[in-house]
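Asks: Sequence and predicted model, in that order:
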Amino acid sequence: MIDNNISAMCKPAPGEAGKTGDWRDMRPVIDHTKCTPYVKNKPACFLCWLYCPEGVIRDTIPVEIDLDYCKGCGICAEECPMGAIAMVAEGKQDG
Ligand code: SF4
Ligand code: SF4
């Protein structure tokens, strides 16, 4: 069988205890008005996609995060050069 996947990234899937986003106590919220691909309407940056250790960020316009599997580590927010991602406590309103 030929494997055309040239990246080392994997895709999220349910663990024994279910969807792993259930562990999260902080969630990332994207302000798309600060996010380069959205602002420029071009496939650019995507550092959050590159650095997310869970592979739950999609390199789309706009950028999307699969919260079913995001563990809330905050790496995406740390790496975003535009400060477009805020970590918000679960149970609070976005922003
Ligand atoms: S908080 Fe962590 S797991 Fe969730 S999208 Fe950001 S980098 Fe990925
Ligand atoms: S790192 Fe920040 S600016 Fe770059 S694509 Fe992700 S959210 Fe947008």
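Replies: Thanks, I have it. Ligands and ions are numbered 1, 2, ... in the order given.
Asks: quick one, phi psi at Pro12?
Replies: Backbone torsions of Pro12, given as degrees, to the nearest 10, read phi -70, psi 150.
Asks: Make 348 the starting number, not 1.
Replies: I'll keep to 348 as the first residue from here, and by that count the last item is Pro359.
Asks: Grab the nearest non-local neighbour of it.
Replies: Distance criterion Cβ to Cβ, 6 or more residues apart in numbering; nearest residue to Pro359, sequence neighbours excluded, is Tyr416 at 3.6 Å. To be clear about C-beta, it is placed using only N, CA and C from the backbone, and glycine gets the same treatment.
Asks: check contacts around the one you found.
Replies: By Cβ atoms under 8 Å, 6 or more residues apart in numbering, the residues touching Tyr416 are Pro359, Lys366, Thr367, Gly368, Glu401, Val403.
Asks: Touching, Cys404 and Ile422? I think so.
Replies: Residue 404: Ile, not Cys. No - here Ile404 does not reach Ile422: they are 10.1 Å apart, not a contact under Cβ atoms under 8 Å.
Asks: With neighbour numbers in mind, choose between the two.
Replies: The residue with more neighbours, out of Ile404 and Ile422 and counting by other Cβ atoms under 10 Å, is Ile404; that gives 22 against 16.
Asks: for that one, what are its contacts?
Replies: Cys395, Trp396, Val410, Glu411, Ile412, Asp413, Cys423.
Asks: mind listing the strands for this structure?
Replies: With DSSP state E applied, the chain shows strands at 373-377, 404-405, 411-412, 432-436, listed in chain order.
Asks: Show me what from this structure comes close to ligand 2.
Replies: Residues of the chain lying close to ligand 2 (Cβ under 6 Å from any ligand atom) are 377, 382-384, 392-395, 410, 427, 429, 431-432.
Asks: Now the spatially most central residue of the chain. Nearest residue, chain neighbours left out?
Replies: With distances taken as Cα atoms, centre = their mean, the residue of the chain nearest its centroid is Ile404 (3.3 Å). If you skip the residues right next to it in sequence, Ile404 has Trp396 as its closest partner in space, 4.4 Å away by Cβ to Cβ, 6+ apart.
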